[in-house]
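Q: please work out how this folds:
(chains A, B, C and D)
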2 protein chains.
Amino acid sequence: MPKARLTPASVTEAAAALVDEVGFDNLSMGLLAERLGVRTPSLYKHVTSQAELAHRIAVLAMTEAGDVIRDAIQGRSGSNALAAGAQAMRTYVREHPGRYAAANATRPTGPDDPFIPASERVLASWAAMLSGYDLDPAQEIHAMRTLRSVLHGFATLEAAGGFQIDASVDESFTWLINFIDQGLRAGAANGSDVGR
Amino acid sequence: MPKARLTPASVTEAAAALVDEVGFDNLSMGLLAERLGVRTPSLYKHVTSQAELAHRIAVLAMTEAGDVIRDAIQGRSGSNALAAGAQAMRTYVREHPGRYAAANATRPTGPDDPFIPASERVLASWAAMLSGYDLDPAQEIHAMRTLRSVLHGFATLEAAGGFQIDASVDESFTWLINFIDQGLRAGAANGSDVGR
DNA sequence: GCCTCTAGCTAATCGCGTTAGCTTCAGTGG
DNA sequence: CCACTGAAGCTAACGCGATTAGCTAGAGGC
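A: As a prediction, this is how the structure comes out:
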């Protein structure tokens, strides 16, 4: 029955869709093979191991997230760019929780790992967005880390079902964005105050 | 050689120490048994499964974190309480990354899961701390979620080695705390502004 | 001093990732 | 049109880690 059906890319794509459904921790070669209508060992013609597959999902996720965030920020600045970028990231994580989990579980395997440029693209988008706030250059790194922390923290807590109370999570997120925006604008106003 | 050596509690404690060393994902019954000087199947006299063991570690972690945060906030208020509590949490996660990972990987198993009150104790500490900021009651939930997001996000990013650049992570964390503090104080001043 | 209860042990099972080696179609060169 | 090669899939089998079954021996109570 050999018919040129699968490729590394198609297997990765299917695996990404699978983890979004069943959760990254529940990824298994057998389940993926079943989805693809193929026997488990056949997958090894396209990926060398489950670990490599997980890493491919991570690269895919980081690339997609980078695209989505860049597109959201495109053409906006300041508060609008922040709100659009943050919403875009949150939406991506909600729609692709498995991919996002894969991206968080991975570590660069070497200096030429495609995961590295993919991550850097995301960071570059955030940096571009932050540049609209006229922060003291010495504080940019701290603002960047704070921004990453909130967004990552909110996304993972939400994905894990960490927000139990019935109060609207959407509302909390816009509140959070507004909170960060005001802090950044205040920081731009009196640079040396925020940050010690 | 039957000698009453192990107990569920001692096994859990050893497992917690182990995951802090090797990482939560690398927890294995064989490795734990070796540490305890016992054969793998013997562990099942004290724990019903690896999943249950992981859950016990999670409860232990949440309880310890609750203690540490409560103690840090004790006797302080406002900015001091925030700084002390946040630092306490960050220190706990840095010293016990495996335990923290276990706590994040777990979901309550039922209505009488001891993990629930343990988590609530942590939330109660944060709530007590926030009450020192005189926020609009309607905004407390959002402030709480924002606070949890930053702290959780920063801790996990740091634990995952997510902050690459050489700029001081300690400094970034104090900057972050200061950022949150100022935002909360501003929010208390003009309540309806922050939060839309 | 015997009895029971149980922590620990060895042996075996199961599931899942992975490897080895065979088989068969798709496309190529003659 | 046909033999040839290469890769994609398959079956069979291995290995490791979690888990289960059933045995054994020391500790504490009578």
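
Q: shaky segments in chain A?
A: A:1-4, A:188-196 (pLDDT under 70).

Q: can you map out the strands along it?
A: Listed in chain order, chain A contains no strands at all (DSSP state E).

Q: which residue does it have closest to chain B?
A: A:Gly153 (2.5 Å; CB to the nearest CB). Every residue, glycine included, has its C-beta placed from N, CA and C.

Q: what's the burial count for the nearest residue to that residue once chain neighbours are set aside?
A: Excluding the flanking residues, the one nearest A:Gly153 by CB to CB, 6 or more residues apart in numbering or on different chains is B:Gly153, at 2.5 Å. Burial of B:Gly153 is recorded as 25 neighbouring residues (other CB atoms under 10 Å in any protein chain shown).

Q: now do the contacts for B:Gly153.
A: A:Arg148, A:Ser149, A:Val150, A:Leu151, A:His152, A:Gly153, A:Phe154, A:Thr156 (CB atoms under 8 Å, 6 or more residues apart in numbering or on different chains).

Q: let's see that with 6 Å instead.
A: Going by CB atoms under 6 Å, 6 or more residues apart in numbering or on different chains, B:Gly153 touches A:Ser149, A:Val150, A:His152, A:Gly153.

Q: distance of it from DNA strand C?
A: Applying CB to the nearest atom of the strand, to the nearest Å, the value for B:Gly153 to DNA strand C is 29 Å.

Q: how close does A:His142 get to DNA strand C?
A: 40 Å.

Q: can I assume that residue is in contact with B:Thr174?
A: No. Counting by CB atoms under 6 Å, A:His142 stays clear of B:Thr174, with 8.8 Å between them.

Q: the two: which is more packed in?
A: Counting neighbours by other CB under 10 Å for A:His142 and for B:Thr174 shows that A:His142 has the greater number, 26 against 16.

Q: now do stretch A:170-178: everything it contacts.
A: In contact with stretch A:170-178 (CB under 6 Å, 6+ apart) are residues A:Ala83, A:Ala86, B:His142, B:Arg145, B:Thr146, B:Gly195.

Q: between these, which is nearest DNA strand D?
A: For the contacts of stretch A:170-178, the residue nearest DNA strand D by CB to the nearest atom of the strand is B:Arg145; the value is 34.0 Å.

Q: still on that earlier bit, in TSV, list the contacts of stretch A:170-178 along with distance to B:Asp113.
A: Shown next, in TSV, are the contacts of stretch A:170-178 (distance: CB to CB, whole Å):
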residue	distance to B:Asp113
A:Ala83	37
A:Ala86	33
B:His142	27
B:Arg145	22
B:Thr146	26
B:Gly195	33
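
Q: lovely, talk soon.
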